[in-house]
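> 3D, please:
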Amino acid sequence: MGRCEYIPANIAIAEGAMAAGLNFFAGYPITPASDLFEYLAEKLPGRGGVVVQFEDEIGSINAVVGAAWAGAKAMTATSGPGFSLMVEGLGLAIMTETPLVLVDVMRAGPSTGVPTKTTQSDVYQVRFAAHGEYSIPVLVPWSAQEAFDLAVKAFNIAEALRTPVILLTDAALAHTWERVEIKDHGEINIVERRPPCNPPEKFKLYEPCENLVPRMAYFGEGYGILVESLAHDEEGYYSPNTEAYERLVRRLVAKIERNSHLIVDNEEYLTRGAEYVIYAYGSTARSAYAVVKELRREGLRVGLFRPKALWPFDAKSLKKATESARKVFVVENNLGKMVREVERVLKNKEVIPVNVIDLEVPPPDKISEEIRRWL
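Here you go, the predicted model:
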């Protein structure tokens with residue numbers, strides 16, 4: 001049976017991952033993700049899993065890719081500087097359609113920045129850091145409970161779509177302690193990897209099946225496994241011609257975009273009939289929520305639109321939620337990232353960036369002061 005515990009979001013992610021079936025974790029210590037690693041090192045072996053500390057983040061991400069091809073549900077966790085080192089391995093996972101979960105606990109940068117403090121400046125890095133054509137799911141919780149729930153969802157997406165999935169949190173949320181309902185493996189919906197439906201002599205490792213997603217075989221099962229980082233055909237052989245490359249990259253993008261209903265999710269608060277809508281995500285959305293309640297008490301028709309997935313971008317839901325709005329405020333703890341996507345989608349609206357730089361969670365009064373200038 002499930003249980004309720006008072007835990008921080010980092011530990012909630014670890015519990016969610018284990019509930020989803022995590023059995024291999026590779027990592028390298030980095031603030032503010034290290035306690036997630038340490039918790040799994042203590043708990044996962046007792047559940048039959050393996051935890052390994054590698055020499056660096058490069059070794060960690062490549063070990064996770066290899067473990068997935070051996071049949072494991074695999075995960076790693078890091079922060080901005082470590083994510084930068086993992087990008088090459090992430091690109092390998094995208095090209096080889098390897099299911100895995102990568103947790104990025106954002107901290108202030110660039111470079112080593114402020115290791116113990118927060119930011120929301122990685123939202124482009126997690127989406128666009130790897131070179132080439134691709135689309136990648138990025139989930140973003142705002143509470144410890146949602147950290148647990150979205151960890152489970154991240155694994156389900158990874159398995160359903162044969163893709164790496166990024167769970168994006170931040171230093172402030174990582175160590176926010178809250179009551180979390182922890183469900184056991186048997187109490188949650190678990191998506192398992194789809195095995196081959198053809199015998200080895202007819203099986204093609206990258207042949208699209210349901211929803212443009214190929215079935216997956218593991219090393220050691222008798223199938224021909226060619227995990228090729230080069231542009232490849234459906235059997236996995238290097239195929240340097242326009243037709244094969246175009247078919248491959250169009251499918252890599254389309255399998256995410258066409259199945260976005262499995263990924264995107266949003267929470268709306270008082271958006272119906274709202275004259276002003278605040279767009280905010282992650283820990284900053286908690287302060288934005290308080291601002292909405294404050295302004296509503298003053299008689300202003302303000303609502304909140306909060307995405308739980310940043311990528312792929314849910315343009316349809318955002319348009320619907322802001323139908324009645326004259327102004328849309330994009331509140332971020334950075335110098336303006338997601339505001340560009342909001343502007344692109346809401347061309348007929350006045351979109352106003354509210355860029356609050358704060359090494360803690362931006363306080364409501366800081367956000368409110370900026371919004372009031374425009375009201």
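> quick one: pLDDT of A254?
Per-residue confidence at A254 stands at 98 (pLDDT).
> number of nearby residues for it?
Using other CB atoms under 10 Å, the number of residues around A254 comes to 14. Backbone N, C-alpha and C define where each C-beta goes, glycine included.
> Likewise for the one 4 residues further on?
For R258, the count of nearby residues is 15 (other CB under 10 Å).
> Make sure it is actually in contact with E210.
No - checked against CB atoms under 8 Å, the pair R258 and E210 is beyond contact range at 11.5 Å.
> Contact partners for the residue nearest to V249 when sequence neighbours are not counted?
Counting by CB to CB, 6 or more residues apart in numbering, the nearest residue to V249 once its immediate chain neighbours are dropped is E133, at 4.1 Å. Taking CB atoms under 8 Å, 6 or more residues apart in numbering as the definition of contact, the neighbours of E133 are 249, 252-253.
> and what of L100?
L100 makes contacts with 64-65, 68, 74-76, 93, 158, 164-165, as judged by CB under 8 Å, 6+ apart.
> Show me where the stretch 151-300 of the chain has its strands.
In the stretch 151-300 of the chain, the strands defined using DSSP state E, counting those that start in this stretch lie at 164-170, 177-182, 266-269, 276-279.
> Among the contacts of E133, which one sits closest to S34?
The shortest approach to S34 among the contacts of E133 belongs to L252, at 32.6 Å (CB to CB).
> where's the closest one relative to F128, distance?
Computed with CB to CB, to the nearest Å, the distance linking L252 and F128 is 15 Å.
> Look at the two and report which has more neighbours.
Comparing L252 with F128 by neighbour count (other CB under 10 Å), the higher total belongs to L252, at 20 against 11.
> Now do the contacts for the closest residue to the more buried one other than its chain neighbours.
Once its chain neighbours are removed from consideration, L252 has its nearest residue in Y134; the separation is 5.3 Å (CB to CB, 6+ apart). Contact analysis of Y134 by CB under 8 Å, 6+ apart lists 94, 249, 252-253.
> Against I256, how distant is the residue nearest to V249?
If you measure E133 against I256 using CB to CB, the figure is 11 Å.
> Return the subset of the contacts of L100 lying in helices.
Secondary structure from DSSP state H places 64-65, 68, 93, 158 of these in helices.
> which one of those is nearest Y206?
Out of the ones in helices among the contacts of L100, the member with the shortest distance to Y206 (by CB to CB) is A93, at 13.8 Å.
> Overlap of the contact sets of E133 and I256?
Contact with both E133 and I256 is made by no residue, according to CB under 8 Å, 6+ apart.
> Doesn't P141 belong to a strand?
No - P141 is assigned coil when assessed by DSSP: H, G, I helix; E, B strand; the rest coil, not a strand.
> My guess is it contacts T169. True?
Yes - the pair P141 / T169 is scored as a contact, 6.2 Å apart, by CB under 8 Å.
> what touches both of those two?
9, 147, 282.
> Would you check how far apart the nearest residue to G282 once chain neighbours are set aside and E210 are?
With CB to CB, 6+ apart as the measure, V140 is the residue that lies nearest to G282, at 5.0 Å, once sequence neighbours are left out. According to CB to CB, V140 stands 27 Å off from E210.
> Ok, F313 next?
In this view, F313 and E210 are 24 Å apart by CB to CB.
> quick one: which of those two has more around it?
Looking at F313 and E210 with other CB under 10 Å, you find the greater number of neighbours at F313, namely 20 against 11.
> The more buried one: helix or strand, and which one exactly?
Secondary-structure assignment from DSSP states H and E places F313 in no helical or strand segment.
> Chain neighbours aside, what residue packs nearest to K349?
Counting by CB to CB, 6+ apart, the nearest residue to K349 once its immediate chain neighbours are dropped is V328, at 5.2 Å.
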